[in-house]
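Peer 1: below are the sequence and a predicted model; questions follow.
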Amino acid sequence: MPDGESDGRSFEDVARALADEVHRAVERLSAFDLDDVARAANEEAERVRRWIGDLGRSLAQTGDAARSPGDVPVHHAGPHPLAMPTTEQGVALAALESGRWRIESGKFSVHDGPGPSEPLGLLRELRVSDWVTADGELTLAGRKALARWLE
């Protein structure tokens, strides 16, 4: 419509239409369950916290743990060759070697006995340490880590 021409609606009609639109927007916003949103955010934050904790533990095992700001960072080509598996990692390596556990589609498949308490974190730790392949086979480093753990 050209400038200066009226569309036939009064100021009151425009104000009423605007108020109705604001009312509908407020109704849509009030339909959100903020408890569900907060619960989902807390669950996601907890999963990130566990992932960062796993990463920190794996870095500490390989000798790349954070140092003071003045230290010169040391970069290894991979995990420390003499890293000792934790009890849970050693149990997993032994179970994978014996065939009691398998890694199928990126997840542990338990064929005998109890499975790991945090399977995704454990699998990530084993992969970061280069102890298992993507197919779930123990690498040479994984077999040597298992041997150190069994000693």
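Peer 2: That came through fine.
Peer 1: how many neighbours does residue 41 have?
Peer 2: 10 (other CB atoms under 10 Å). Yep, even glycine has a C-beta here, placed from its N, CA and C like the rest.
Peer 1: just the pLDDT for it.
Peer 2: For residue 41, the pLDDT comes out at 81.
Peer 1: for residue 109, helix, strand, or coil?
Peer 2: Assigned by DSSP: H, G, I helix; E, B strand; the rest coil, the conformation of residue 109 is strand.
Peer 1: surely it is in contact with residue 96?
Peer 2: No: here residue 109 does not reach residue 96: they are 10.4 Å apart, not a contact under CB atoms under 8 Å.
Peer 1: identify the contacts common to the two.
Peer 2: 102-103 (CB atoms under 8 Å, 6 or more residues apart in numbering).
Peer 1: more neighbours: those two, which one.
Peer 2: Shown here are residue 109 and residue 96; by other CB under 10 Å, residue 96 has more neighbours (21 against 12).
Peer 1: secondary structure element holding the more buried one?
Peer 2: Residue 96 is part of helix 87-98, with elements assigned from DSSP states H and E.
Peer 1: that helix packs against which elements?
Peer 2: Counting contacts by 3 or more CB pairs under 8 Å, 6 or more residues apart in numbering; DSSP states H and E, helix 87-98 packs against strand 101-104, helix 119-128, helix 140-150.
Peer 1: average pLDDT for that helix, rounded please.
Peer 2: Taken as a whole, helix 87-98 has a mean pLDDT of 89.
Peer 1: how far off helix 119-128 does that helix point, in degrees?
Peer 2: Angle between the axes of helix 87-98 and helix 119-128 is 80 degrees (criterion: axes from the mean of the first three to the mean of the last three CA atoms, to 10 degrees).
Peer 1: and the angle for helix 87-98 with helix 140-150?
Peer 2: Here the directions of helix 87-98 and helix 140-150 differ by 120 degrees (the same axes, to 10 degrees).
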